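Novice: Here you go, sequence then predicted model.
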Amino acid sequence: MKNILVIDDQLAIRELVSAALDSVEWQVVQATSGEEGIELARSRKPDLVLLDIMLPDGMDGFDTARQFKSDPQTRSIPIIALTAKVQQADREEAARAGVDDYLAKPFSLQELRRKVLRHLG
């Protein structure tokens, strides 16, 4: 079973993603902030991270991605940004921070599953 970590401050998004992906093949774990997500990643070792860019409390998704990619324990985990920040500058900043893929909100569940499958095989 593959583990997917969803980091998003919006309960509705976390629940939607969990309902769409939680299955026999995938287990979804949720975090509400970058800090919580990093802690969970270190303890749970997810196979994939779905990361909101606009997170509260000082550590946004760009900072969170940089933390993931600078830590030997988490640097190899693929990160897909799930975000409403869709400008080219945002995409470029995400790539510089280490984000591996990008999915704009609102997104279709079919597109979400397709991207998850691409990264989890």
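Specialist: Cool, got the structure.

Novice: so how far is Ala97 from the closest residue to Leu5 other than its chain neighbours?
Specialist: In space, and not counting its chain neighbours, Leu5 is closest to Pro46: 3.9 Å by C-beta to C-beta, 6 or more residues apart in numbering. For the C-beta atoms, the positions are set from N, CA and C on the backbone; glycine is no exception. Distance of Pro46 to Ala97, given as C-beta to C-beta, to the nearest Å: 18 Å.

Novice: Helix, strand, or coil at the residue nearest the centre of the chain?
Specialist: The residue lying closest to the centre of the chain (C-alpha atoms, centre = their mean) is Leu50, at 1.7 Å. Following DSSP: H, G, I helix; E, B strand; the rest coil, Leu50 is assigned to strand.

Novice: So what's the residue count around Met1?
Specialist: Residues lying near Met1 (other C-beta atoms under 10 Å) number 8.

Novice: same check, this time on Leu40
Specialist: For Leu40, using other C-beta under 10 Å, the count is 18.

Novice: likewise Glu39?
Specialist: 12.

Novice: next one: phi and psi at the nearest residue to it once chain neighbours are set aside?
Specialist: Of all residues not flanking Glu39 in the chain, Ala31 sits nearest, at 7.9 Å (C-beta to C-beta, 6+ apart). Ala31 adopts backbone torsions of phi -140, psi 150, taken as degrees, to the nearest 10.

Novice: Dig out what Ala31 forms beta bridges with.
Specialist: Beta-bridge partners for Ala31, by DSSP bridges, are Ile7.

Novice: any idea which helix or strand comes after the one helix or strand Thr64 maps to?
Specialist: Assigned by DSSP states H and E, Thr64 belongs to helix 61-70. Per DSSP H and E, helix 61-70 leads on to strand 79-83 as the next helix or strand towards the C-terminus.
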